[in-house]
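Trainee: based on what follows, work out the 3D shape:
(chains A, B, C and D)
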There are 2 protein chains.
Amino acid sequence: MNRFLGHMTNRIDAKGRVSVPAQFRLIVQSAGHTELYALRSLHLPALDVGGPELLTRFDKTLESADPFAETADDMSFYLHADGSFLKLDADGRITVTDFLREHTGISTDVTFAGANTHFQIWQPDQFEAHRSKVRARLAEKRRLETS
Amino acid sequence: MNRFLGHMTNRIDAKGRVSVPAQFRLIVQSAGHTELYALRSLHLPALDVGGPELLTRFDKTLESADPFAETADDMSFYLHADGSFLKLDADGRITVTDFLREHTGISTDVTFAGANTHFQIWQPDQFEAHRSKVRARLAEKRRLETS
DNA sequence: TGGGGCACTATGGGCGTCAATGGGATTAGA
DNA sequence: TCTAATCCCATTGACGCCCATAGTGCCCCA
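Mentor: Have a look, this model is predicted:
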């Protein structure tokens, strides 16, 4: 199954590296890629990550948009300036740069969370907080609908 | 990956030089160029920079336009008068001239930002300001669309 | 069915290479 | 001649590439 699913937390070592979970790694590597594309989420303190084709997918939608609209400029800037490639080393690790830390608050541990076509990178506590918030929202929604 | 992506900030030394990030440099140099073409952005306090073929690319779109149209004259003037070549030295640095400083407000540090087919040069604070403005606009747009 | 071994993941660390930066020396230009 | 650009080299800190180890789950075979 080549979908990103589940979540797990790994430790950052003394050199600032962290292992990308093998499950996730395999999906990207089996597509022949040795690097990841990471984008700072607009509304969450997390990064959306996937293979380089993730960027290509976004670029495609950009091309079809009106190139003179201000939104197109904004989108391009967001995708390219606020995004980054993360190189996977031979052991399937990435180095946690300030680019990641600033946006997520990551310091010593990283939570990887599947999101079907891509995955996310979180600071563990933030992830847990977000997770319970989402669960609460869904439960509340269900309660309203069934009452 | 031969795309300009991500952003990083480098320091200007006592002689007014600054290193162009290796990632970006490699893309230009692998195309066999030792100098860059820089153009003052119309809407932003930044410069659009790329290999000399960037100018060629702009020229091409000009040729296809009516040479007697006023906008074509304006464009040509803009491309050539408001543009400049930047020489890369042996170590991959450029000298930060007044041409750069005036338009961007750069003084001690330079932020390089990827823009897919080319990259941009910013004064770090200006870049950060623009970045959060873009994020705010996109987030707002998304909020309107999903509500 | 239980035990042993194999495979693999996460993690730690050594080491060489390269990028970013600083500065001296030489050359060209005003 | 004085200033500014260019070339060359040194330093240092980060990163890539390599290998080692411990823990774990799985499979196979007795």
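Trainee: up against DNA strand D, what does chain A have?
Mentor: A:Lys15, A:Gly16, A:Lys87, A:Asp89, A:Ala90, A:Asp91, A:Thr95, A:Thr97 (C-beta under 7 Å from any atom of the strand). Yep, even glycine has a C-beta here, placed from its N, CA and C like the rest.
Trainee: same list, those, but only the ones touching DNA strand C.
Mentor: A:Lys15, A:Asp91.
Trainee: among the residues of chain A next to DNA strand D, name the buried ones.
Mentor: Neighbour-count burial (16 or more other C-beta atoms under 10 Å in any protein chain shown) is assigned to none of these.
Trainee: and the two most separated of the residues of chain A next to DNA strand D?
Mentor: Greatest spacing in the residues of chain A next to DNA strand D, by C-beta to C-beta: A:Ala90 and A:Thr97 (18.6 Å).
Trainee: show the backbone phi and psi for the spatially most central residue of chain A.
Mentor: Taking C-alpha atoms, centre = their mean, the centroid of chain A lies closest to A:Asp48, which sits 2.1 Å from it. For A:Asp48, the backbone dihedrals are phi -90, psi 130 (criterion: degrees, to the nearest 10).
Trainee: wait, what's in contact with it?
Mentor: Applying C-beta atoms under 8 Å, 6 or more residues apart in numbering or on different chains, we find A:Asp48 in contact with A:Ala38, A:Leu39, A:Ser41, A:Leu54, A:Ala115, A:His118, A:Phe119, A:Gln120.
Trainee: how much space separates the residue lying closest to it once chain neighbours are set aside from B:Arg131?
Mentor: Leaving aside its sequence neighbours, A:Asp48 sits nearest to A:Leu39 (C-beta to C-beta, 6 or more residues apart in numbering or on different chains; 4.8 Å). To B:Arg131, A:Leu39 is 13 Å away according to C-beta to C-beta, to the nearest Å.
Trainee: so what sits against both of those two?
Mentor: Shared contacts of A:Leu39 and B:Arg131, counting by C-beta under 8 Å, 6+ apart, come down to A:Asp82.
Trainee: in chain A, spot the helix with the most residues.
Mentor: helix A:124-146 (DSSP state H).
Trainee: how far off centre is that helix?
Mentor: 20 Å (C-alpha atoms, centre = their mean, to the nearest Å).
Trainee: per-residue pLDDT, the closest residue to A:Ala22 other than its chain neighbours?
Mentor: Leaving aside its chain neighbours, A:Ala22 sits nearest to A:Gly92 (6.8 Å; criterion: C-beta to C-beta, 6+ apart). If you check A:Gly92, the pLDDT there is 94.
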